[in-house]
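Peer 1: fold the following.
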Amino acid sequence: MNPTSSDYADVNGITLYHEIYGNGEPLVLIHGGLTTIGEMLGWVQSLAKTRKVIAVEMQGHGRTADTDRPMTVRTMGDDIAALLDFLKIPTADLVGHSFGGASAIRTAIQHPDKVRRLVVISSPSARSHWYQEARNGMSQVGASMAENMMQTPTGKFSKQWPEPQRFPQFLDKFGKMMSEDYDWSAEIAKLPMPVLLVFADNDSISQKHIAEFFALLGGGVKEPGWLNTQLSRSRLAVVPGYSHYNFITSPEVPQIVGKFLADPLTTRPVGAAAASQAAPAPEKT
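Peer 2: Take a look at the predicted model:
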């Protein structure tokens, strides 16, 4: 499958590369750290059968060259919102993997009006929820690893940047960002849109913390009732036989995402329907 279009969007001090596939309701797909659109094509092609998939390459990744702009996950969230404005898309579903999942979470927190549904794949609600080995690995990313990192997908693309010599500096910025502590639990608990969490059964986040993340969204904390009248609008999927590092190869993931997006219970009300749900019930007299 070839993209129907590809373009650069000038947003917040960077030039954000993106490709569009398929037709239908818009879905923004965000890659993991040091990867590009190319590694997600299996998911893109599956999702694009029924959706308009906007695959993006974030700051310093792939064809989106790094600049002097500082790098923070909050800024990444603003970038996705600005890309939707650039494309004149009022609201879209967001799907993010690993680092992309963190970017998607921040977009939903900072711009909830632009996010219809949120899908977080292999990314926790707090940095402390990564296994210690994973946190150590993130903290070690830096310019000293530039030679080896040139073999990563984004390292290879950096040779095409206007200033390819920036790649080591980008690694320092990326490693610093990935080393910063965060806990977004309180903000996540207030998200208004339905959320799907997808993890591997041998992910880099423990099953205990995965369950805690789901509980923040109201999932798995009470009996749903014989007729599912108390069923949470958020969902959790744990896919067997994968780790954090090969999850991108899973054909099950886009199928799970597609089912979530097609579920009428996860459709966020808009317009008059949203207003009626938000309005307080009339008092009985």
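
Peer 1: least confident secondary structure element in this structure?
Peer 2: When each helix and strand of the chain is scored by mean pLDDT, DSSP states H and E, helix 271-278 comes last, with a mean of 45.

Peer 1: assign the residue positioned nearest the centre of the chain to helix, strand or coil.
Peer 2: The structure's the chain has its C-alpha centroid closest to Gly96; by C-alpha atoms, centre = their mean the separation is 2.0 Å. Per DSSP: H, G, I helix; E, B strand; the rest coil, the secondary structure class of Gly96 is strand.

Peer 1: so it sits right up against Ile105, yeah?
Peer 2: Yes: contact criterion C-beta atoms under 8 Å: Gly96 and Ile105 qualify, at 7.4 Å. Bear in mind the C-beta positions are built from the backbone N, C-alpha and C, glycine included.

Peer 1: overlap of the contact sets of these two?
Peer 2: Common contacts of Gly96 and Ile105 (C-beta atoms under 8 Å, 6 or more residues apart in numbering): Val120, Ser123.

Peer 1: how about the strands in this structure?
Peer 2: Applying DSSP state E to the chain gives strands spanning 5-11, 14-21, 26-30, 52-57, 92-97, 115-121, 195-202, 235-243.

Peer 1: picking that back up, so what's the residue nearest to the centre of the chain bridging to?
Peer 2: Beta-bridge partners recorded for Gly96 (DSSP bridges): Ile30, Val120.

Peer 1: Asp183: how many residues sit nearby?
Peer 2: 13 (other C-beta atoms under 10 Å).

Peer 1: which ones are touching it?
Peer 2: Contacts of Asp183 by C-beta under 8 Å, 6+ apart are Ser125, Ala126, Arg127, Ser128.

Peer 1: repeat that for Glu187.
Peer 2: Ile109.

Peer 1: now do the nearest residue to Phe157 once chain neighbours are set aside against Trp161, distance only.
Peer 2: Residue nearest to Phe157 in three dimensions, not counting chain neighbours: Gly62, with 4.7 Å by C-beta to C-beta, 6 or more residues apart in numbering. Noted for Gly62: a distance of 10 Å to Trp161, by C-beta to C-beta, to the nearest Å.

Peer 1: next one: Asp201
Peer 2: For Asp201 relative to Trp161 (C-beta to C-beta), the value is 38 Å.
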